[in-house]
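Chemist: sequence and predicted structure are below.
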Amino acid sequence: MRVLDSMYEVRFHGRGGQGAVMAAQTLAEAAVLDGYHAQAFPYFGAERRGAPVKAFARIDKGRITLKSQIYHPDMLVLLDDTLPDIEPVAEGLKPEGAAVINTIMAPEEYDLGISVITTTVDATTIALEKLKAPIVNTSILGAMARAQDIVSIDSIVKAIQDKFGEKLGPRAAKMNSEAAREAYQSARTGRCKGDRPIVQKDQWLPDWDQIPIGVSLPTTQVGGVVVGPGSAWQNQVGTWRTSSPHYDIDKCIRCLRCWWSCPEGTIKRQEDDHMKFDYRYCKGCGICAQICPVDAIEMIRGVKTW
Amino acid sequence: MVTKVISADHAVAWGVRLGRVEVIPGFPITPQTLIMEQLSEFINDGEFDADFIPGESEHSVMSIAVGASAGGVRTFTATSSQGLALMHEMLYAPPQIRLPIVMVNVNRSLGAASGIWLEHNDSMPERESGWLQVYVEDNQEALDMVIQGFRIAEDERVMMPIMICLDGFVLSHTVEKVEVPEQAEVDRFLPKFKPMNMLDPADPRLINPLVPPEYAMEMRYQLDRAMDDSRIVIKEVDEAYARAFGRGYGGLFDTYQMEDAEFALLSLGTATTTARGVVDELRSKGKKAGLIKMRFMRPFPEKELLEATKDLKALGVFDRSVGFNSFGPVFTEVRGALRPLRLQITDHIAGLGGRDLTLEEMRDIFARIEESLSGRAERDVYWYGLRGRQR
Ligand code: SF4
Ligand code: SF4
């Protein structure tokens, strides 16, 4: 293990439900086990299943003297390899920094938008095998142990055991440690491609004297960004989902439960009370499939439409 | 002692558990929720013997706390933002009845024009409610202050409630290394609660009756003096804590690189951490920068601040809330206290409504203060991260 000469910063990008925050916290705990000071925190927003989320971790030899978000990470961690399509995830990554990505691709095949030393791992498959759920944070932690020489795999496994053992019991601790060790073994390191432009997000950021007075917004578009009521309608969350609801009209008993349960208004009630799904608004939360009393809705992995 | 990597909210819960609190009324509100969740878990798992009483609102929570504390048991609660505002009416009861309740307020902006994020405009208006009020910087201090808080509040020279404020999310949801003391160590430090006046059927008494004009003024003055006396108790308790646990926080406020400082920032909460880093940077360039870590807004350490700043040439004050058409509340109080000094004092407002306070902004703050060394500042109050020209 190398001894740190300056503060080391890690930024995690994932989707709500994948465990990005827990990954950041576990890394911090592992760093403390290795004798460092560390802090970890989520991006402070409302976390929604499937939505892009961020988390941060800082590691240093001495007391950490910074309490802001991380804008120029030394390491970037992607728990979902489709995020660069919709979020400027690579922004600010130091050119001499590193990336760890959950993908089936080899490092050389993956285009991050900036070419850096990259470690890839198929964390989703490992998680599905070991944990029977696509919660990829512990596998990605294993790959992170391979990708840097500051925090050791043994400390990461110990931190996983502490954290998951305390929360979910010894069985979960064991399975998650196994997932981390397997990812550590199977991770591959190389240099990723930096060909694609980093996507820019449209955000409405007016000066103080340009904001309508009274915390009240009309239905307006400013520079192509919807800022008023109806933004949910215009905000297509279909890119968030990692699995898609498949509806079987023959099984459906027209109980309407899915229709009023969908948080996004994706499900449209038809004349005869059967359902139609508008997949542009489906974030893949799976509530409809859970609530259906006759299993007429099944969640299928991937961004699918029918 | 056990080392844990936990959030400030969880650190608070550990402080409450180690402090052997007996009654915890609570109502959940983001970002305070992790405190109540962790405490409920401790109780549910049989690790902590306290009564958790869910109130139907924060107003009820403070009412329950008043009843419990007057019943002679150690009482804790926590809230945030709108919850604190809803409590406002009941906040005025415990100071004057002399009930040493400890409450954590996880700072969050009070609406409208707000969400769930950090601002100090929830706790600052409660400075005149009669509660002692302290702001902490990190998770360790959050835990330590809960334990110190009970000893300060329950000291017979004080017997007043204390509000411990910690920055929402930036602290409440950030995990850091925290040393959790052993129960036996805390038991040695924190004696059993000895109530002053107690609701006891064997010794009936009237608590908080209607008070006519013949007495109210004297009672106010009693409270005013007790608040003043608490300055001494705060220092004593911090020193005793440092002896027992090896960690002290300077009491009313702490100083960093102030011995020969020419210009300094007075900040509170998590901003202090970033400010400390910038002072280090400036010092490495040979600049005489310093830092005052403000802790207690009540009691307000007027005399102590005068002494600490007497050789300074320029002072900036950090505010994470606004007094409209004037200055931030911390600035207003600090400038009032330091009036005799003819010191160049400027107000620096940043990080409102959860806006991230960046390293660049903190460097800017110090740059503005350094500029004011010349004896005149471009303006009295500066906003950072504001889009559009400040006029
Ligand atoms: S359709 Fe189903 S999976 Fe899609 S958002 Fe609605 S409830 Fe969630
Ligand atoms: S919940 Fe199932 S059965 Fe009920 S309407 Fe929806 S698909 Fe049909």
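Modeler: Sure, I can see it. Ligands and ions are numbered 1, 2, ... in the order given.
Chemist: residues of the stretch 151-300 of chain A that sit close to chain B?
Modeler: A:159, A:205-210, A:215 (Cβ under 8 Å from any Cβ of the partner chain). From N, CA and C alone the C-beta is placed, and that goes for glycine too.
Chemist: give me the buried subset of those.
Modeler: By neighbour count, with 16 or more other Cβ atoms under 10 Å in any protein chain shown, those hold A:A159 as buried.
Chemist: what helices or strands is the helix or strand where B:A11 lies leaning on?
Modeler: According to DSSP states H and E, B:A11 maps onto helix B:8-18. Using 3 or more Cβ pairs under 8 Å, 6 or more residues apart in numbering or on different chains; DSSP states H and E, the elements in contact with helix B:8-18 are strand B:2-7, helix B:33-44, helix B:139-154, strand B:162-167, strand B:175-180.
Chemist: please save the CA atoms from the following helix or strand past that helix in CSV.
Modeler: Using DSSP H and E, the next helix or strand after helix B:8-18 towards the C-terminus is strand B:23-26. As requested, the backbone C-alpha atoms of strand B:23-26 are provided in CSV (Å, rounded to 0.1, in the frame of the first residue of the first chain):
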residue,chain,number,x,y,z
VAL,B,23,-37.5,10.0,28.2
ILE,B,24,-37.3,10.9,24.5
PRO,B,25,-40.4,12.5,22.9
GLY,B,26,-40.0,12.8,19.1
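Chemist: any residues touching strand B:23-26, and which ones?
Modeler: For strand B:23-26, the external contacting residues (Cβ atoms under 8 Å, 6 or more residues apart in numbering or on different chains) are B:16, B:36, B:39, B:50-55, B:60-62, B:64-65, B:68-69, B:71, B:73-78.
Chemist: which among these end up buried?
Modeler: So, by 16+ other Cβ under 10 Å, the buried ones in the contacts of strand B:23-26 are B:16, B:36, B:39, B:50, B:53, B:55, B:60-62, B:64-65, B:68-69, B:73-78.
Chemist: quick one on the thing from earlier: residues making contact with the helix holding B:A11?
Modeler: With contact meaning Cβ under 8 Å, 6+ apart, helix B:8-18 is reached by B:4, B:6, B:24, B:31-35, B:38-39, B:42, B:47-48, B:50, B:76, B:78, B:104, B:106, B:136, B:138-140, B:142-147, B:164, B:166, B:171-174, B:176, B:178, B:180-181, B:183, B:186.
Chemist: same thing with stretch A:256-266?
Modeler: A:232, A:237, A:267-269, A:273, A:275, A:277-279, A:281-283, A:285, A:287-288, A:291-293, A:297.
Chemist: what sits against the nearest residue to B:D319 once chain neighbours are set aside?
Modeler: With sequence-adjacent residues excluded and distances taken as Cβ to Cβ, 6 or more residues apart in numbering or on different chains, B:D319 is closest to B:G328, at 2.4 Å. Residues near B:G328 by Cβ under 8 Å, 6+ apart: B:317, B:319-322, B:347, B:349, B:381.
Chemist: how close does B:G328 get to A:E87?
Modeler: Per Cβ to Cβ, to the nearest Å, B:G328 is found 35 Å from A:E87.
Chemist: OK, contacts around A:S6?
Modeler: For A:S6, counting by Cβ under 8 Å, 6+ apart, the contacting residues are A:D60.
Chemist: looking at this, it is in a strand?
Modeler: No: counting by DSSP: H, G, I helix; E, B strand; the rest coil, A:S6 is located in no strand; its state is coil.
Chemist: what's the spacing between the residue lying closest to B:E262 once chain neighbours are set aside and A:I153?
Modeler: Nearest residue to B:E262 in three dimensions, chain neighbours excluded: B:K288, at 4.2 Å (Cβ to Cβ, 6+ apart). The gap separating B:K288 from A:I153 is 46 Å, by Cβ to Cβ.
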